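Colleague: just to be clear, the model below is a prediction. Sequence and coordinates:
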Amino acid sequence: MYRDRFGLKCKPFGNTPDPLFFYFSADHRQGLVTLSQGIHDRCGLMLLLGEVGTGKTNICYHLHNHEGYPSAYLNYPFLTEGEFLESVNKELGIPVGDGSRRRNRAELQDYLLRQQNKGKPVVVIVDEAHRLGIPILDEILILSNLQVADGHLLQIILAGQPLLLDTLKQPRLQSLNQRIGLRYHLAKMDRANTIDYICHRLAKAGCTNQSLFSPGALDTIWKKSHGTPRLINQLSERALNEAYRRGKKGVGRRQVRRVADAPLYQPLFAARPKYWSMRTAFAGTVMALFVGVSFGLWYFGLGSKYLPIMTGKINQVTAERRTLIRQPIVVPQLAENREYEPGDGVVVEQEGTLPVVAYGEAPLHPDSQATELNPIAEPLSVADDLPDLDLGAIAWDENSDRSIAVLNDRIVHEGDFIGDVRVLQIKPNHVVLLRGNEHIIKKIHVEEREYTPETSDLSTTAEKEQAGVRDPEYNDQAEQTFSFTHYKPIIYFDYRTSNIATEAYEELDRLATIAALSPDYEIVIRGYTDNVGSTKYNKSLSKTRTQIVRNYLVGKGIDPEKIKTIGMGEKNPLLPNTTPEGRAVNRRVEIELVPVGDS
C-alpha cells in the first residue's frame, strides 16, 4: 500500500530471512568469521547463541549457502533419532537406503571420508537447537565421534537461544557440553548499528529519500526494540503503514510511539521487564548491607587492625606519582605475617628472599639509607625456584589491566595462569607469581655496565664519542630498538580460501608479541587477491582474509581498537597475474606497524 507513496520497489521490513536484505553488524560479522574459522579448523561441535530475533538464522543461512563446502540445514527440532539422521543424509545428497540408523550412519561416514580426501569440511547446521530433545542431542554426540587424527569429519553448529545452556548442564549431557569447541553469543545491536540496519534495508528496497525516517523516529525505534532485528522490522513496518494512513511524507517519532504504545504491540515493545525493579531493589539492599557491615567492623575495632593495609594498597594503585626504590627500605608493618605494632619496622634487605623493589608515595632521598613508605601490601617473596619459567619482557602501565608480561613466549595479564602458577602482579621490572602458598618474584635481568673513564678533558659530544664515553642518560637499549619501518610481514593464502597457513602462525605470534610491547603503535592489515573472479568477490575475499588475521591477533591479547583492516582486492599485485606463481604471490595479507594516529 505505502510503496508507491514512499518510492519503494518492494517491502523493506519483512520478517523472512531474505538474502537481499542481509545486514551484518560488527557483532554479526565477528560471529560469522568466528564460526567460519571454526569450520576450517575442524572444531567439530560449535555453539551459536542469541536472544529471540537477533539474527541467528541469517548467519545460519549465510554459512549454509557457502560454496566452499557441502552443508545441511535443519530447522525442525521435533524429530526422532532416525528421522534426524535421515534428514542429515538427505540434505547432503546421501542415499537413504533401507532407512535403518546403522545403514544411514555408515553411508554418512563413507561420505565424510570421501570429502575428507578432497580437503572439504562437511557442515551440519541445526537451528532452534534449544528445542532439541535429549535423544537427538545424544545422536549429535555420536556423530561428533566421527573424526580422524587431524580433526573432526563432521562440523556441527547448534544455533539457539541461551536456554540451550541450561539443557547442556544436565549430567546426562556433560560429555556433549565438554566437546563443544567453540561458542559465540550474538548480542543485540547498538544505536548506530540499528540506524545503519534500517537505512540498509530501505536502500535495498529502492528508497532514495534519506530522510524517510526522521532522526527522532530512528532513535525511538532503537529504544523501543532494544536493538533486536526482528522487533526493528515489525516496528518499522507498522510505522510506515501508520505514516501512510495519516498522509505523512515520512515517518516521525510520533508515528513510532503510537505503534509501540498500541495495546496489541505494547507487550513486544515494553521498556523493561516488570521484575527488573525487584532485581534492582535486591542489589541495592545487598550493597547497603555490605557497606553497613564493613563500617561496623571498622568502627568497633576490627578496622583499626586491617584497614590501614587496605588503604595503603589503594593508595599504591591509584597514585599519580610513584617512586622506584632500589635501596633497603623500612616497611612499618606486616613483617613475616606479624600484626603491626607501633614502632615495629622491618628492613627489607637488597639481597635475599625479600622484595628489592617497592612502590610508595614517599620521595627518594639520595642521602638516606632507609626510606619510610606508605603501607604496602605486596607479598613477601621466596627464592626464585622456577628456573623453567622465563620472563622475556614486560610492558607496564599505570592501569594494571593493560600491563602485560611475556612468560615462556606467552603474553599474560595479571590473574592469568601458566600451569599451576598464577600471575599476581606485573611491575616495571619484575612480576609477582603465586604457586600454592608461595610468592615468587621473577625479575628482568639487565646487564649493567660501569664506565669509569676520566672525562674532565672531554667536553664536547664528538670528543666523548671518539673516546668511547657515553653520557649518563644514554640508553644501551636504544641501539637495539626494534625497527618497525622495515618490519612488514606478509601472510600468503591458497586459492579462494581464507585459511591461515600453518607456517604463518609463528610470524603472527611474533607480531603479536611485538605489538603488545609497543603501546604507541597500531596494526594496519591490508588484504590482496589475484585477478581470478569478479572485482566484488575479490574485494570481499581480501577483507575476509584481513578479518581472519585480525581475529587471531585479538585472540593473542591485542586490543581490537588498535587494528585496522583494509580489503584491497586485486590492486597492487607484486607480480603479474599471468602465471600461477604470480597469482600465488599476490594472494596475500600485508601487515604494518605504524604510530598511533598515522594510519
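Modeller: In hand now; what should we look at?
Colleague: from here on, contacts and neighbour counts on C-alpha atoms
Modeller: Will do.
Colleague: distance from the chain centre to the helix or strand harbouring Asp219, please.
Modeller: Element membership for Asp219, per DSSP states H and E: helix 215-225. Helix 215-225 sits 29 Å away from the centroid of its parent chain (CA atoms, centre = their mean, to the nearest Å).
Colleague: could you check the angle helix 215-225 makes with the helix or strand just after it?
Modeller: The helix or strand immediately downstream of helix 215-225 is helix 229-245, counting by DSSP H and E. Angle of helix 229-245 versus helix 215-225, following axes from the mean of the first three to the mean of the last three CA atoms, to 10 degrees, is 140 degrees.
Colleague: so which elements touch helix 229-245?
Modeller: Helix 229-245 sits against helix 191-204, helix 215-225, helix 253-260, with contacts defined as 3 or more CA pairs under 8 Å, 6 or more residues apart in numbering; DSSP states H and E.
Colleague: related to what we said a few turns ago, give me the mean pLDDT for the helix holding Asp219.
Modeller: In this model, helix 215-225 carries a mean pLDDT of 90.
Colleague: look at the residue nearest to Ile444 when sequence neighbours are not counted and say how many residues are nearby.
Modeller: Sequence neighbours aside, Asn429 is the residue nearest to Ile444 in space, at 5.4 Å (criterion: CA to CA, 6 or more residues apart in numbering). Look at Asn429: counted by other CA atoms under 10 Å, it has 16 neighbours.
Colleague: repeat that for Asn117.
Modeller: Neighbours of Asn117 (other CA under 10 Å): 9.
Colleague: report pLDDT for it.
Modeller: Asn117 carries a pLDDT value of 89.
Colleague: any idea how far it is from Ala512?
Modeller: For Asn117, the distance to Ala512 (CA to CA, to the nearest Å) stands at 34 Å.
Colleague: same deal with Asp530?
Modeller: Asp530 is 27 Å from Ala512, by CA to CA.
Colleague: which residues does stretch 243-254 contact?
Modeller: 2, 5-6, 211-214, 216-218, 220, 239-240, 255 (CA atoms under 8 Å, 6 or more residues apart in numbering).
Colleague: could I get those residues as JSON lines with neighbour count and distance to Ile523?
Modeller: What follows is the contacts of stretch 243-254, written out as JSON lines (neighbours: other CA atoms under 10 Å; distance: CA to CA, whole Å):
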{"residue": "Tyr2", "neighbour count": "15", "distance to Ile523": "48"}
{"residue": "Arg5", "neighbour count": "12", "distance to Ile523": "48"}
{"residue": "Phe6", "neighbour count": "18", "distance to Ile523": "44"}
{"residue": "Ser211", "neighbour count": "13", "distance to Ile523": "37"}
{"residue": "Leu212", "neighbour count": "18", "distance to Ile523": "39"}
{"residue": "Phe213", "neighbour count": "23", "distance to Ile523": "38"}
{"residue": "Ser214", "neighbour count": "14", "distance to Ile523": "38"}
{"residue": "Gly216", "neighbour count": "13", "distance to Ile523": "37"}
{"residue": "Ala217", "neighbour count": "22", "distance to Ile523": "38"}
{"residue": "Leu218", "neighbour count": "23", "distance to Ile523": "34"}
{"residue": "Thr220", "neighbour count": "21", "distance to Ile523": "37"}
{"residue": "Ala239", "neighbour count": "26", "distance to Ile523": "44"}
{"residue": "Leu240", "neighbour count": "25", "distance to Ile523": "44"}
{"residue": "Gln255", "neighbour count": "22", "distance to Ile523": "45"}
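Colleague: could you dump those to a markdown table with distance to Ile404?
Modeller: Output for these, formatted as a markdown table (distance: CA to CA, whole Å):
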| residue | distance to Ile404 |
| --- | --- |
| Tyr2 | 58 |
| Arg5 | 59 |
| Phe6 | 55 |
| Ser211 | 48 |
| Leu212 | 49 |
| Phe213 | 47 |
| Ser214 | 47 |
| Gly216 | 44 |
| Ala217 | 45 |
| Leu218 | 42 |
| Thr220 | 42 |
| Ala239 | 51 |
| Leu240 | 52 |
| Gln255 | 52 |
